[in-house]
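1. Build me a model from this:
(2 chains)
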Protein chains: 2
Amino acid sequence: MSLLYKNLRVHQVFGANTDVGKTLLTSALVRASASICERVYYLKPVSTGRIEEADDEHIKRYIGVNAERLRASCLYRFSEPLSPHLAVKLEAEKTKTEIAIPSDETFTQALASNIRRSASTAKTYSHMYVETAGGIHSPTLSGTTQVDSYRPLFLPTILIGDSRLGGISSTISAYESLMLRGYIVDSILLFKDEYYRNGEYLAPYFAERGGHVMTFDPPPPRLPDPAENFEVTEKYYQDLVPLSKEGDVFNVLTHLDNCHFQRIQQLDTMPRRTLDTIWWPFVQHGHFKSEQGVNVIDSAWGDFFSVYNSHRRPDSAQPTNSLLEPQFDGSASWWTQALGHANPALTMAAARAAGRYGHVMFPGATHLPALNLAERLVKHGPGKGWASRAFFSDDGSTGMEIALKMALRTFAVKQSPPLDMANRKQLGVLGLKGSYHGDTIGAMDACEEGVYTCEWHNAKGYWFDPPYISIRKGVVHVTLPQSIAAEHPTGEIVLDSLSKAYAVNQRIDSPLASLYRDYIRRTLDRLEASEQPALAALILEPLVMGAGGMIFVDPLFQRILVDTVREGELSKTLPVIFDEVFVGLYRLGIETCGPLLGVNPDISVHAKVLTGGLLPLAITLASDEIFQAFLSDNKTDALLHGHSYTAYPVGCEVANETLKILEKVTNSEQWQSVKQKWATPEDREPAVFSLWDQGFVQATSQLASVKEVMTLGTLLAIKTQDDAGEGYRSNSAQQLLQPMIAAATHELPNAFGMHFRTLGNVAYFITSLNTPPETVRMVEDKIWSALSKAGS
Amino acid sequence: MSLLYKNLRVHQVFGANTDVGKTLLTSALVRASASICERVYYLKPVSTGRIEEADDEHIKRYIGVNAERLRASCLYRFSEPLSPHLAVKLEAEKTKTEIAIPSDETFTQALASNIRRSASTAKTYSHMYVETAGGIHSPTLSGTTQVDSYRPLFLPTILIGDSRLGGISSTISAYESLMLRGYIVDSILLFKDEYYRNGEYLAPYFAERGGHVMTFDPPPPRLPDPAENFEVTEKYYQDLVPLSKEGDVFNVLTHLDNCHFQRIQQLDTMPRRTLDTIWWPFVQHGHFKSEQGVNVIDSAWGDFFSVYNSHRRPDSAQPTNSLLEPQFDGSASWWTQALGHANPALTMAAARAAGRYGHVMFPGATHLPALNLAERLVKHGPGKGWASRAFFSDDGSTGMEIALKMALRTFAVKQSPPLDMANRKQLGVLGLKGSYHGDTIGAMDACEEGVYTCEWHNAKGYWFDPPYISIRKGVVHVTLPQSIAAEHPTGEIVLDSLSKAYAVNQRIDSPLASLYRDYIRRTLDRLEASEQPALAALILEPLVMGAGGMIFVDPLFQRILVDTVREGELSKTLPVIFDEVFVGLYRLGIETCGPLLGVNPDISVHAKVLTGGLLPLAITLASDEIFQAFLSDNKTDALLHGHSYTAYPVGCEVANETLKILEKVTNSEQWQSVKQKWATPEDREPAVFSLWDQGFVQATSQLASVKEVMTLGTLLAIKTQDDAGEGYRSNSAQQLLQPMIAAATHELPNAFGMHFRTLGNVAYFITSLNTPPETVRMVEDKIWSALSKAGS
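-> Residues are numbered from 1 along each chain as shown, chains lettered A, B, ... in the order given. Predicted coordinates:
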């Protein structure tokens, strides 16, 4: 929703406090702008109090010289000199009328419309000032404080500082609150005061922090006689904004113009500079022949990026079109987002841990953020009922390497006698074809060889070809791999609903279960008899194999696999690792997969959503049996693995805050009501559900361009028809959905582009856990539109 | 410097602004405390203005009932009603005297002394209130704003909110500024106002954020007649703090007491809870038989942790001793710290990136923090002159895995014809014995087998036993490994100074250089002729091998190694990887090691200091030749490696801020003057230098308990005598230095404990890059004291 125009420099004006001279200094800026621009726009979104006395008066003042050049407007106006959230209520009481209080969304839209309209009429280069009410955190009409309610528009900011006693403090605090929301603060303006000299302190203070400070003579004292008052005020303005167009107000204008142009210039050069210096992960740079493909993210808010479009949209040459457009973050920032971008609660959590600890080293030490997080995950989270320990690391891949080290050691020492080093090196793992556990070489060695693997890859283990669940032409199918299908009468299994497919305990005695069981046992017996290395662990991505192509593995098969490797004598049972990095913590609508599968792991790994989508952190949970395998009096028996920033307080505190908010989100009425939509007459509490609309999913699966569809929780996967069968090398999904990338007509209120990722012929879309249903519907419409056109 | 007492609850009182009723409400709290405690302490560290009129008056007010129970004091008092930083100047001007402005350090010490003294006289449970001046960010005497100048004491906080128009905003902003410094805000108090109703807004606002709000009736209007004024004010206080000891002020007292006791109880349970749930990296939990060993870090500031001591100090049973004591962070939080803990500039950088972006996914995208960081490192940092690309990841280990993938591929495709997959898997690396590149299995495979390696380890390569530099009994030695020593006439090489040892270009034609060259060539020829796998990369930790035992490799040997692997036909030359994760970015006093060695790498890896010691981030830099090896039109040729949080804005922005501050620190007079101390008559600009004192290093190397010592930049390594030769398994250094861990007598102003880490018989100490010289001297004294006692 952020807007930026070549022909219109827009600044919002925030006050460090109320009554600091916001209106006076904004008036001076407007007056100065009017004297050099063809037109100047002044918007006071919410005005309270002193309607006749002050607001109109100050508008009159600059109209005095430039009436024809000024476009002043106000969206909401109340007579009580109160915080807007109270003023609106009092006005309603006094006038005995119902006043519809605009939601933050409505407020943002109204503001954006006004700015768009201004840009469309500002033919040559113009200025616009959006003056907020009261202090930066004064509540707006909805009750949200302004610094948050204005955030979606991400307008560059002028902060009016406080020149009174205590004003150093309120100015710095206000600035810090702006920083916490990521605002670009282009200038800090305040009155001179010979006694308190706040400006003298603040100028070097902010200069050191990259801030720009300018001070101005204070206004004359207010006179009781309106005419006299007008006269001295007019004189004051004339001195401040002289006809010579020189002086500090004009210097500020030049500075603000420079900031504006430099920002645009910076955005303009970013694609080239990026192509010259950055080496992207998972990207063939040979495919980026031009700057057009570079997605320049200027900021982000909620579910949307704000992206620069001038380097790839021909219509951006029009100065009246915004250079920034919203883009739905359809990969949930590559599978990490849980609570929307730039969530203030997560920012605050990061800040308070940074402020209290910075980083503190972890071996032998403890601190509250890490301890609270460990206890929460072990005792009240995914580890509930089976885990005893939490081991911290930096990302899913390192978390999986730790899990592997845990499992291999446990298996090795459990043998009688414990395996020697040579035999330990030969150990392998059992897994599924298509699995993926991160990019470090050890985590890769737990998977088959494939396009992702590197020179040193050495696939250590055996991988079953798994059956998977999908919706084809409106019907829930279990697709069997060739090896199992051969044993099945028809090879074709159809289930009534997703809920039925995921009711694992109800399916555990089905004929298909017997088929799976026999097949798995037979295979394991064959492997044991062969020359294959001993299997030392079972590693699963429960329910969905993500990077392998969003494969929704039949949970019944995974359940039976776990049951089978735990049969027989203890020394032969395999530690079971659940890689829940992608699937855990409500990504699929459920906190953890064990309860659904009906079995718990011995080790599980958690990351991505863990920190709400802000910064990297991973945790490997382990049962006590695993922990005991490393316990002795010998230093070298310990798990000698650790990264410098292990359990860094900032990461842990953000995770704690995330888990707290997740609890609210997943227990919210909204979440419950979405869940209920997936209930069936038999299952009032559906085993699984999705934030995506059931009807949309069904309909999409029927499209000609679509082979099959699947969804759980926040995840929607669409496999497009791909006759060439190129898998990861395929570009079919990318090509089919290409038209969605740019916002159709970005000057319309709800227009937005789409960022999404594909894995070969699979396109997938992931929402945050708190994405509003209306947003999901809008995204569904876009997908539908692209796919149904492609099919026709 | 943080203090916490069982017998004394201390709170600091901050105001959301000036004139919000801070003194009035503090007086009410003092009065209430005096009515229930044997004694109450009131400290106004800095008082400005209204000396007779207000301050004494309000003290009189509560003296009214409890004169004998109150201990009131003021450290600095000025008559001008101004911000303290100006009041002190004006007072000096007016009285024509020189007033020594206390430094922040002095100020903290004075405050701490007062609190210590109070605790020592508070026999039963008492309360103490420390009332600050003005708003939270009002500058104190030194000019530092209060919220920063009080931070070392980390006192729990009462925030007095603002009940006036605009007060919602100033209260929230003030709270956020407190959060940015990590403060524990136990309560927010403000006056009721029937019109503005700020309390009604703030109570639920803060409740949602875990904050406690209480509102109180406002004071009566000030009366002109002092006697009358006293009377109505006294009446007001009597109503607020009734003799019945009931009401909201007493409820606040109960709440504050609960906060205090819960905090102590929490600290008390943390060791046990940690031992029950946490699995530490690199720790044998079998060694932790009791809770005593757990280092409970309550907060951190600058170079010091603030640690809980009650579970391990018998004298902490004394309620008059602080339960928290400072502990020097001698491992620079495990090698990451650069700018001190909880550096506000880094917190702010993290906050502003979180507020602007949250995380945004990186493949195909760009954002300012990542782009600026990449350009800085490639063009103006360690990559200057050779690197063309930056690849982001999460920690040194993942950064090294990426480096390995880069090098192996480059070597493989450079061969003619390019190697097939089978041959690629056989590639090995060349390195040094004792090297260490992180804990993931791939990074480990680039090292020899050892105590750190796991079941799947497969050492892929050849490792030279390197010569190393050390100071033995005051003399700089090069110690040759057996294999090279056999070729040398004496086997004993002594150099004039460290500067001489690191003047690589001056040593390049020495007889020793020839010896190295011949030895390396001969060995490589032998390897090539053998059945060994082909070597595909040279991997070095330049100058110092850290985890391997702080081995200061002879730089001449590393230089010649690089020169040698780059000789001959192009297809045979090896890509050179510098693992600068530990040694880079001024850890050793120099930005990067290439200029000192006189050769640049093809790939380098950077982490740890990169983010100033706040959060994880790594960058792998690569030359254009390396980048080209992955460039094609084929997706599968790309470097298919990436972590979800790759180049996350928060990490990048903190790194950018760190590099900006590092530039200031390393160009500072202090840094230059330290450098000059290591200059020799011949070398005015020493090749290397140390923040540790040369005399101390020399003397330490002469101690009986010490085998050898070495230092560069912030790093000091001390190898203790270890006749058993157990290496990593040895506990000799740990035992020798054990006495330093606890603060000797923690009620003395400068007493502090020491946190340090050992690697077998090597103890090492690392400072931040901006640790004050006085602190380094104090640490040297402690080390000296422990080692010289041990030697006697």
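
2. okay, now the domains of chain A?
-> Domain ranges of chain A: A:8-263, A:347-663, per automatic domain parsing.

3. ok, for residue A:193, nearest residue in space, not its chain neighbours?
-> residue A:163 (4.4 Å; C-beta to C-beta, 6 or more residues apart in numbering or on different chains). No exception for glycine: its C-beta is placed from N, CA and C like everyone else's.

4. In contact with residue A:443, which residues?
-> A:397, A:400-401, A:404, A:437, B:440-441 (C-beta atoms under 8 Å, 6 or more residues apart in numbering or on different chains).

5. Quick one: name whatever helix or strand follows the host helix or strand of it.
-> Using DSSP states H and E, residue A:443 sits within helix A:441-445. Going down the chain from helix A:441-445, the next helix or strand is strand A:461-464, by DSSP H and E.

6. strand partners of that next one, parallel vs antiparallel please.
-> strand A:428-432 (parallel) (DSSP bridges).

7. Not counting the partner strand itself, show me its contacts.
-> A:404, A:407, A:446-447, A:460-466, A:524, A:532-541, A:545, A:553, A:561, A:565, A:574.

8. Just give the number of residues close to residue A:368.
-> 22 (other C-beta atoms under 10 Å in any protein chain shown).

9. same question but for residue A:7, I mixed them up
-> By other C-beta under 10 Å, 17 other residues sit near residue A:7.

10. contacting residues for it?
-> A:119, A:122-126, A:319-320.

11. Need the residues you listed in TSV (columns: neighbour count, secondary structure and pLDDT).
-> Formatted as TSV, the contacts of residue A:7 follow (neighbours: other C-beta atoms under 10 Å in any protein chain shown; DSSP: H, G, I helix; E, B strand; the rest coil; pLDDT from 0 to 100):
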residue	neighbour count	secondary structure	pLDDT
A:119	24	helix	94
A:122	23	coil	89
A:123	11	coil	75
A:124	10	coil	87
A:125	18	coil	92
A:126	24	strand	96
A:319	16	coil	77
A:320	17	coil	81
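
12. which one of those is nearest residue A:391?
-> residue A:119 (53.6 Å; C-beta to C-beta).

13. quick one: that closest one and residue A:5 touch, right?
-> Yes. Judged on C-beta atoms under 8 Å, residue A:119 makes contact with residue A:5 at a distance of 4.5 Å.

14. any residues in contact with both of those two?
-> A:319-322.

15. returning to that earlier point: buried ones in the helix holding residue A:443?
-> A:441-445 (16 or more other C-beta atoms under 10 Å in any protein chain shown).

16. try stretch A:362-377
-> Those would be A:362-377, for stretch A:362-377 by 16+ other C-beta under 10 Å.

17. contacting residues around that stretch?
-> A:353, A:357, A:360, A:383, A:387, A:389-390, A:392, A:606, A:619, A:621, A:642, A:646-647, A:649, A:652-653, A:655-656, A:659, B:266, B:270-271, B:273-274, B:277-278, B:280-283, B:288, B:293-298, B:334, B:757.

18. ok and the residue in the stretch 501-650 of chain A nearest chain B?
-> Using C-beta to the nearest C-beta, the closest approach of the stretch 501-650 of chain A to chain B is made by residue A:642 at 2.4 Å.

19. In a strand, that residue, correct?
-> No. Per DSSP: H, G, I helix; E, B strand; the rest coil, residue A:642 lies outside any strand segment and is coil.

20. and the gap between the closest residue to it other than its chain neighbours and residue B:336?
-> Nearest residue to residue A:642, sequence neighbours excluded (C-beta to C-beta, 6+ apart): residue B:281, at 2.4 Å. Separation of residue B:281 from residue B:336 (C-beta to C-beta, to the nearest Å): 14 Å.

21. Pick out whichever of these two has more residues nearby.
-> residue B:336 (29 against 24).

22. Make sure the more buried one is actually in contact with residue A:644.
-> Yes. Assessed by C-beta under 8 Å, residue B:336 is found in contact with residue A:644 at 4.9 Å.

23. okay, and the common contacts of these two?
-> A:361, B:608.

24. need the contact list for residue A:449.
-> By C-beta under 8 Å, 6+ apart, the contact list for residue A:449 reads A:457, A:459.

25. picking up where we left off before, make a markdown table out of the contacts of residue A:7 and add distance to chain B.
-> A markdown table is the format used below for those (distance: C-beta to the nearest C-beta, whole Å):
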| residue | distance to chain B |
| --- | --- |
| A:119 | 23 |
| A:122 | 26 |
| A:123 | 31 |
| A:124 | 29 |
| A:125 | 24 |
| A:126 | 26 |
| A:319 | 23 |
| A:320 | 26 |
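
26. residues touching the residue nearest to residue A:642, list them.
-> A:362-363, A:391-392, A:639, A:641-643, A:646.

27. go with 6 Å
-> Shown in contact with residue B:281 (C-beta atoms under 6 Å, 6 or more residues apart in numbering or on different chains): A:363, A:641-642, A:646.

28. Check residue A:604 too.
-> Counted by C-beta under 6 Å, 6+ apart, residue A:604 has contacts A:382, A:578, A:580, A:621.

29. repeat for residue A:288
-> Residue A:288 touches nothing, counting by C-beta under 6 Å, 6+ apart.

30. try residue A:593
-> For residue A:593, counting by C-beta under 6 Å, 6+ apart, the contacting residues are A:542-543.

31. separation between it and residue A:604?
-> The separation that residue A:593 has from residue A:604, given C-beta to C-beta, amounts to 9 Å.

32. Burial check on residue A:614, number of neighbours?
-> Around residue A:614 there are 35 residues (other C-beta under 10 Å).

33. Let me know the secondary structure of it.
-> Going by three-state DSSP: residue A:614 is coil.

34. check contacts around it.
-> A:346, A:654, B:358-359.

35. can you do 7 Å?
-> By C-beta atoms under 7 Å, 6 or more residues apart in numbering or on different chains, residue A:614 lies in contact with A:346, A:350, A:654, B:354, B:358-359, B:650.

36. what's the answer for residue A:142, then?
-> A:101-104, A:107, A:149.

37. Quick check: the gap between it and chain B.
-> 12 Å (C-beta to the nearest C-beta, to the nearest Å).

38. What score does that residue have for pLDDT?
-> You'll see residue A:142 listed with a pLDDT of 93.

39. try residue A:229
-> 87.

40. Spatially, which residue comes closest to it, not counting chain neighbours?
-> residue A:223 (4.1 Å).

41. any idea how far the one you found is from chain B?
-> Taking C-beta to the nearest C-beta, one finds residue A:223 at 23 Å from chain B.

42. burial count for that residue?
-> There are 13 residues near residue A:223, going by other C-beta under 10 Å.

43. check which helix or strand covers it.
-> Short version: residue A:223 belongs to no helix or strand, going by DSSP H and E.

44. Let me see the contact set for residue A:482.
-> Applying C-beta under 7 Å, 6+ apart, no residues contact residue A:482.

45. how about a cut-off of 8 Å?
-> With C-beta under 8 Å, 6+ apart, residue A:482 has these contacts: residue A:465.

46. Same check on residue A:752?
-> Contacts of residue A:752 (C-beta under 8 Å, 6+ apart): A:304, A:325-328, A:743, A:778.

47. give me that answer again for 10 Å
-> Counting by C-beta atoms under 10 Å, 6 or more residues apart in numbering or on different chains, residue A:752 touches A:1, A:303-305, A:307, A:325-328, A:740, A:742-744, A:746, A:775, A:778-779, A:782.

48. Of these, which belong to helices?
-> A:775, A:778-779, A:782 (DSSP state H).

49. circling back: just send the contacts of residue A:7 back as TSV, with distance to residue A:768 too.
-> Below are the contacts of residue A:7 laid out as TSV (distance: C-beta to C-beta, whole Å):
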residue	distance to residue A:768
A:119	30
A:122	36
A:123	40
A:124	41
A:125	38
A:126	37
A:319	34
A:320	33
